[in-house]
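Novice: based on what follows, work out the 3D shape:
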Amino acid sequence: MHHPSYYPGQGNSGVSPFSSSPHPGNASMYEDDILSQRARAFPLSHGLMPAPQFSPFAFSMHHDPMSLAVSQGQQFSGYHHLGGPEHKRVLTGSQADAPDKNIKVALDNRDLWAKFHSLGTEMIITKTGRRMFPTMKVTIDGLDPHAKYMLLVDIVPVDDCRYKYHNSEWVVTGKAEPHMPGRLYIHPDSPASGGHWMKQPVTFHKLKLTNNNLDQNGHIILNSMHKYQPRLHVVQANDIFAMRWNKFNTYSFEETTFIAVTAYQNEQITQLKIDHNPFAKGFRDNGLGRNHANGLSLRWLEPFSFGLLQDGNARKK
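Specialist: From the prediction side, this is the model:
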């Protein structure tokens, strides 16, 4: 049985751009009526933030995701064995003391993520939005059990590269496309007490990825064939509007990096999804495993094997 290890986090301070944005409309929230009326995502007012350097543990970046932003042309430091240093740009920001050094976060399903990471994780993106597998599932400790917290996830580029799958490996093919302004996905239980968040692992299984730049459902917008890093933000706040004055603790895990695709490229990734995704049970029962995956269209396989049924109900697109 997997017992997650905890690693203390460090936080980031700053004032939210919500209070001074030249475009107040950018701070509006999108109601994700497909997933949950309380599962919301909203755009960051000034674009993207620097991604933290990788560590095998949970760690924090030294930037406030609500206040620090860079232009779309400035993207992120990245994956050391994919692409040379000429493709990477390390961004720095002001250092800040941790607002709460007691908060500790562990990736609860680290072993599963590690299996995918060893092959190069791929996540399907669609116009209507597709859930992630593996999902982000974390265990949190060190919160004030009586205080209210909001949990948020955003997904940022790892580097400024575009990739392709060639000769059974991912290779850099050029510069990345401009990235859409980032969105923060708010866990639908937010805000909730620290005791609520700590009593069991927290799962972001309703978060969806899309390549629709005009998406109005609050899904996270990504570019195909680009590498990304999910980040978890923990902020003590009674509601979304109070976050502008509060400090963030931000955590990231190297195992959760992935390349966004419209169809799976690596057949081993396809097989892992069939083997481990509970909603692919029909394919396992029918013997559509490793010996059959090569003969299946990956575009056809994905909708049927990964998520037709969610939460016991017919999957809504």
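Novice: for the rest of this, base every contact and every neighbour count on C-alpha atoms.
Specialist: Fine.
Novice: contacts only, for Val202.
Specialist: By CA atoms under 8 Å, 6 or more residues apart in numbering, the contact set of Val202 is 137-140.
Novice: show me which of these is closest to Ala263.
Specialist: Ala263 lies nearest to Lys137 out of the contacts of Val202, by CA to CA, at 24.1 Å.
Novice: next step: the contacts of Val202 restricted to strands.
Specialist: Among these, DSSP state E puts 137-140 in strands.
Novice: of those residues, closest to Gln216?
Specialist: Nearest member of those to Gln216, counting by CA to CA, is Lys137, at 25.3 Å.
Novice: show the contacting residues for the nearest residue in space to the closest one that is not next to it in sequence.
Specialist: The shortest distance from Lys137 to any non-neighbouring residue, by CA to CA, 6 or more residues apart in numbering, is to Thr203 (4.3 Å). Contact analysis of Thr203 by CA under 8 Å, 6+ apart lists 135-138.
Novice: before we move on, what about Phe258?
Specialist: Applying CA under 8 Å, 6+ apart to Phe258 gives the contacts 117, 120-123, 227-229.
Novice: give me the low-pLDDT residue ranges for the stretch 101-250 of the chain?
Specialist: Low-confidence segments of the stretch 101-250 of the chain, defined by pLDDT under 70: none present.
Novice: please enumerate the strands of it.
Specialist: Assigned by DSSP state E, counting those that start in this stretch, the stretch 101-250 of the chain shows strands spanning 104-107, 122-124, 130-131, 137-141, 148-157, 161-166, 169-175, 183-186, 192-193, 202-203, 208-210, 220-221, 227-236, 248-252.
Novice: who does the second one pair up with?
Specialist: Strand 122-124 sits in its sheet next to strand 258-261 (parallel), going by DSSP bridges.
Novice: how about the strand it pairs with as PDB, C-alpha atoms only?
Specialist: Coordinates of each C-alpha in strand 258-261 appear next as PDB, following Å, rounded to 0.1, in the frame of the first residue of the first chain:
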ATOM      1  CA  PHE A 258       2.700  15.800 -19.700                       C
ATOM      2  CA  ILE A 259       2.400  16.500 -23.400                       C
ATOM      3  CA  ALA A 260      -1.000  17.500 -24.700                       C
ATOM      4  CA  VAL A 261      -2.200  15.500 -27.700                       C
END
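Novice: could I get the average pLDDT for that strand?
Specialist: The pLDDT scores in strand 258-261 average 98.
Novice: against which helices or strands is the following helix or strand past that strand packed?
Specialist: Of the helices and strands lying after strand 258-261 in sequence (DSSP states H and E), the nearest is helix 267-276. Applying 3 or more CA pairs under 8 Å, 6 or more residues apart in numbering; DSSP states H and E, one finds that helix 267-276 makes contact with helix 281-285, helix 290-293.
Novice: I figured Asp108 hits Lys137, correct?
Specialist: Yes. Using CA atoms under 8 Å, Asp108 makes contact with Lys137 at a distance of 5.5 Å.
Novice: looking at the two, which is more packed in?
Specialist: Between Asp108 and Lys137, counted using other CA atoms under 10 Å, the more crowded position is Asp108 (21 against 15).
Novice: what sits against the spatially closest residue to that one that is not a sequence neighbour?
Specialist: Closest residue to Asp108 apart from its sequence neighbours, by CA to CA, 6+ apart: Val138 at 4.8 Å. Residues near Val138 by CA under 8 Å, 6+ apart: 105-109, 201-203.
Novice: for those residues, which one is nearest Asp239?
Specialist: Distance to Asp239 across those (CA to CA) is lowest for Val202, with 18.6 Å.
Novice: how far away is the nearest residue to Phe248 once chain neighbours are set aside from Asn167?
Specialist: Leaving aside its chain neighbours, Phe248 sits nearest to Val235 (4.9 Å; criterion: CA to CA, 6+ apart). Per CA to CA, to the nearest Å, Val235 is found 44 Å from Asn167.
Novice: ok, now Ile186?
Specialist: From Ile186 to Asn167 the distance is 39 Å (CA to CA).
Novice: ok, His179 next?
Specialist: 27 Å.
Novice: ok, back up a step: next, format the strands of the stretch 101-250 of the chain as TSV and append distance to Thr270.
Specialist: Below are those laid out as TSV (distance: least, CA to CA, whole Å):
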stretch	distance to Thr270
strand 104-107	23
strand 122-124	9
strand 130-131	15
strand 137-141	21
strand 148-157	22
strand 161-166	14
strand 169-175	15
strand 183-186	26
strand 192-193	36
strand 202-203	22
strand 208-210	18
strand 220-221	22
strand 227-236	18
strand 248-252	25
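Novice: nearest to Ile274, of the ones you listed?
Specialist: strand 122-124 (13.4 Å).
Novice: contacting residues around that closest one?
Specialist: Applying CA under 8 Å, 6+ apart, the external contacts of strand 122-124 come out as 130, 132-133, 209, 258-265, 269.
Novice: try 6 Å this time
Specialist: By CA atoms under 6 Å, 6 or more residues apart in numbering, the residues outside strand 122-124 that reach it are 258-262.
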